[in-house]
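Q: Fold the stuff below for me.
(one chain, ligands or ions: 1)
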Amino acid sequence: MNTTSLPLRIVVAGGGTAGWMTAAALARTLGPVAQVTLVESEQIGTIGVGESTIPPLVAYNCILGINEADFMRATQATFKLGINFENWRVPGESYFHSFGGTGKDHWSAGFQHFWLHAQTHGYDAPYGDYCLELKAAEASRFAHLPDDRMNYAYQLDSGLYARFLRRMAEADGTQRIEGRIAKVELDGDNGDIAALLLDGDRQIEGDLFIDCTGFRALLIEGALHVGYDDWTHWLPCDGAVAIQTSSVRPPVPYTRAIAHEAGWQWRIPLQHRQGNGIVYCSSFMDPDAALEKLLASVEGDRLVQPNPIRFRTGARRRQWHRNCVAVGLSGGFMEPLESTSIHLIQRAVLRILRMLPAGTVSPLDIAEFNDQQMTDMEQIRDFLILHYKATDRRDTPFWRHCAAMAVPDSLTHRMELFRQTGRVFRKNEELFAENSWVQVMMGQGITPQSHHPIAGKLRSDELNHLMTSLKHQVSRTVANLPDHAAYIARYCSAQEPV
Ligand code: FAD
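A: Numbers count the residues shown, from 1 in each chain. Reported below is the predicted structural model:
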């Protein structure tokens, strides 16, 4: 790609969540430096799922200058403080992966070391009792706190989010073209993408092409053939069915992930409805059985027809190749167990902005982008595999398969290190912090055999003060929080933060 003249012509292919998140951010950030064009086909439509998010989306919306109450009204969003994992270690048991920190870390040792030490001295409160977000979620309470800010994300209608971003992007100068991409034309000299050819002989030329065509991956794979790393031997689920139902109770500020005999189900409460779905492994459950299981368990009236989806877990070998970057499902997919797909879109878009080429694109930028994006995906992959591997479930062929499967060495190292020492280290700007790993590893049944000796430095009165004051602080704050649903209603109707 050689871009000597401005504006840079950026063509976004596809208008799902990925396409509009990309166009809105590029148009708002780059202004006259870029001319953004987005092509989408209403006839083809979008995947129509993706409702649960993680906290960095709050920052993404801030970067785009989005008013939170406007956003929540437009997307019917609720607040999210974490995920409740049910039946994962054994049927009938649950644990919570909260977004916030737990207790108070020392620079040399996370709070889990102090908690483990306290357990040996008669303090039997669960680890989660020291986490504000977790206790607030359990009580279904929420507020924006001035001093003790809670770490939160959103549960939203992604179709409405795309529509909201579209309005912004178009107001910022993005040109939207309705049409079906029939062919991707390559430059005969250098192999770059030269243009998208639409039905009806329209041609869209560009300097940089962002492939947001979803699982079709028309540009990055269809035209540039970068290849795909298949990860189904580690994450064997390959099917899902989604359905929306009416709400039967006020929304809670968390997503539910409920394991079943060959996968899991989600429940995501929005303001106006509930999102439900089932993820399953087709080698152990056939699609009809999955649908039946989903329909038997949903509450409320069905608002749409069930949406069946097949997928192959993995990642495109190169996310950026020549003058094309894959963003969203075109770049790969991992099941939504930890709500990470929209986040990967966000990371890719921010990286494109950081590495935007001036003049000729540097192969070093491309290599850096691919390395960073792939590192993110591999770290998320390991975190997801943990849920299937570290479990005591052996009750069905699926869970016995998961228990026996080999896992990446990087994950084995993490699990063993934690089991032996209670330690977890965050590397390379990893998305999931120490507390996320600790909550999920302990929730899945890995109990550390030892902890950092520094916890033993505390005298018994200091230990007592630490454990009781932190717990009281959490329960006092939670007791003063408003009800989540009532808070949303007030927040969305007020002009100023409540
Ligand atoms: P799509 O939504 O498929 O959009 C593709 C776009 O390309 C569409 O506009 C389409 O019209 C266009 N297009 C395709 N071909 C052509 C063509 N020939 N011509 C013109 N236009 C074309 N993520 C989360 O973060 N949280 C979740 O809870 C979550 N849940 C999920 C559950 C399931 C079962 C699945 C499968 C995914 C889930 N995701 C979730 C992922 C999330 O849905 C996606 O990351 C997100 O929707 C982005 O999709 P996309 O824009 O890449 O693709």
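Q: Can you tell me which residues in the protein are near the ligand?
A: 14-19, 39-41, 44-47, 49-53, 158, 180-181, 212-214, 216, 218, 240, 242, 277, 309, 311, 328-330, 336, 339, 341-342 (CB under 6 Å from any ligand atom). Every residue, glycine included, has its C-beta placed from N, CA and C.
Q: ok, of the residues you listed, which come out buried?
A: 14-19, 39-41, 46-47, 49-53, 158, 181, 212-214, 218, 240, 242, 277, 309, 311, 328-330, 336, 339, 341-342 (16 or more other CB atoms under 10 Å).
Q: What sits closest to Gln379 if chain neighbours are left out?
A: Glu430 (5.0 Å; CB to CB, 6 or more residues apart in numbering).
Q: Tell me where the stretch 351-498 of the chain has strands.
A: 359-360 (DSSP state E, counting those that start in this stretch).
Q: now the helices for it?
A: Using DSSP state H, counting those that start in this stretch, the helices of the stretch 351-498 of the chain run over 363-389, 397-404, 409-421, 434-443, 460-479, 484-493.
Q: which of the ones you listed sits most buried?
A: helix 434-443 (a mean of 22; mean count of other CB atoms under 10 Å).
Q: now the end-to-end length of stretch 315-329.
A: Taking CA to CA, to the nearest Å, the first and last residues of stretch 315-329 lie 9 Å apart.
Q: and the helices of the stretch 351-498 of the chain as CSV, adding mean pLDDT?
A: Shown next, in CSV, are these (pLDDT from 0 to 100):
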stretch, mean pLDDT
helix 363-389, 96
helix 397-404, 97
helix 409-421, 97
helix 434-443, 97
helix 460-479, 96
helix 484-493, 96
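Q: JSON lines please, covering those helices and showing distance to Ala24.
A: Shown next, in JSON lines, are those (distance: least, CB to CB, whole Å):
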{"stretch": "helix 363-389", "distance to Ala24": "20"}
{"stretch": "helix 397-404", "distance to Ala24": "39"}
{"stretch": "helix 409-421", "distance to Ala24": "34"}
{"stretch": "helix 434-443", "distance to Ala24": "28"}
{"stretch": "helix 460-479", "distance to Ala24": "35"}
{"stretch": "helix 484-493", "distance to Ala24": "21"}
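Q: show me the contacts for the residue of the stretch 101-250 of the chain found nearest the ligand.
A: Closest to the ligand within the stretch 101-250 of the chain is Gly214: 2.5 Å, counting by CB to the nearest ligand atom. Contact analysis of Gly214 by CB atoms under 8 Å, 6 or more residues apart in numbering lists Gly14, Gly16, Ala18, Thr46, Ile47, Gly328, Leu329, Ser330.
Q: For these, work out which two are farthest apart.
A: Thr46 and Ser330 (12.6 Å; CB to CB).
Q: Need the nearest residue in space to the spatially most central residue of the chain, chain neighbours excluded.
A: Centroid-nearest residue in the chain, with CA atoms, centre = their mean: Thr340, separated by 1.8 Å. Spatially, and ignoring its direct neighbours in sequence, Thr340 is nearest to Ile380 (4.9 Å; CB to CB, 6+ apart).
Q: gap between that neighbour and Pro482?
A: Using CB to CB, to the nearest Å, Ile380 is found at 33 Å from Pro482.
Q: Ok, Val440 next?
A: In this view, Val440 and Pro482 are 29 Å apart by CB to CB.
Q: Next: Leu235.
A: Applying CB to CB to Leu235 and Pro482 gives a distance of 39 Å.
Q: More neighbours: which of those two?
A: It is Leu235, of Leu235 and Pro482, that has more neighbours when counted by other CB atoms under 10 Å, with 22 against 14.
Q: so who does that one touch?
A: By CB under 8 Å, 6+ apart, the neighbours of Leu235 are Thr313, Met334, Glu335, Arg381, Leu384, Ile385, Tyr388.
Q: Just the element for it, please.
A: Using DSSP states H and E, Leu235 sits in no helix or strand.
Q: would you list every one of the strands in the stretch 1-150 of the chain?
A: Going by DSSP E, counting those that start in this stretch, the stretch 1-150 of the chain shows strands at 2-3, 8-13, 34-40, 78-80, 82-86, 94-98.
Q: So which of those strands is nearest Ala486?
A: strand 78-80 (12.1 Å).
Q: Just checking: what are the partner strands of the closest one?
A: Here strand 78-80 is paired, per DSSP bridges, with strand 153-155 (antiparallel).
Q: How far off centre is the partner strand?
A: The chain centre lies 10 Å from the centre of strand 153-155; the measure is CA atoms, centre = their mean, to the nearest Å.
Q: Please apply the same query to stretch 310-329.
A: 16 Å.
Q: Compute the number of surrounding residues for the nearest residue to Arg400 once chain neighbours are set aside.
A: Once flanking residues are discounted, Arg400 sits nearest to Arg394: 5.3 Å by CB to CB, 6+ apart. Arg394 has 12 neighbours, counted by other CB under 10 Å.
Q: what's the spacing between Arg394 and the ligand?
A: Arg394 is 27 Å from the ligand, where distance means CB to the nearest ligand atom, to the nearest Å.
Q: Hmm, that residue is touching Ala403, no?
A: Yes. Applying CB atoms under 8 Å as the test, Arg394 and Ala403 come out as touching, 6.1 Å apart.
Q: residue contacts, the closest residue to the ligand within the stretch 301-450 of the chain?
A: Ranking the residues of the stretch 301-450 of the chain by distance to the ligand (CB to the nearest ligand atom) places Gly328 first, at 2.4 Å. Residues in contact with Gly328, defined by CB under 8 Å, 6+ apart, are Gly14, Gly16, Thr17, Ala18, Gly19, Cys212, Gly214, Ser341, Leu344, Ile345, Ala348.
Q: any idea how far Asn276 is from the fifth one?
A: Taken as CB to CB, the spacing of Gly19 relative to Asn276 amounts to 25 Å.
Q: and what of the last one?
A: The span separating Ala348 from Asn276 equals 28 Å under the rule CB to CB.
Q: for the second one, same thing?
A: Gly16 sits at a distance of 20 Å from Asn276 (criterion: CB to CB).
Q: Need the winner for burial among the strands of the stretch 1-150 of the chain.
A: Note that of these, strand 78-80 is the most buried (mean count of other CB under 10 Å), with a mean of 27.
Q: so where's the stretch 1-150 of the chain uncertain?
A: Scanning the stretch 1-150 of the chain for pLDDT under 70 picks out 1-4, 148.
Q: Would you map the helices across it?
A: Using DSSP H, counting those that start in this stretch, helices in the stretch 1-150 of the chain cover 17-30, 56-63, 68-75, 111-119, 132-138.
Q: The stretch 201-350 of the chain now?
A: Going by DSSP H, counting those that start in this stretch, the stretch 201-350 of the chain shows helices at 287-297, 341-354.
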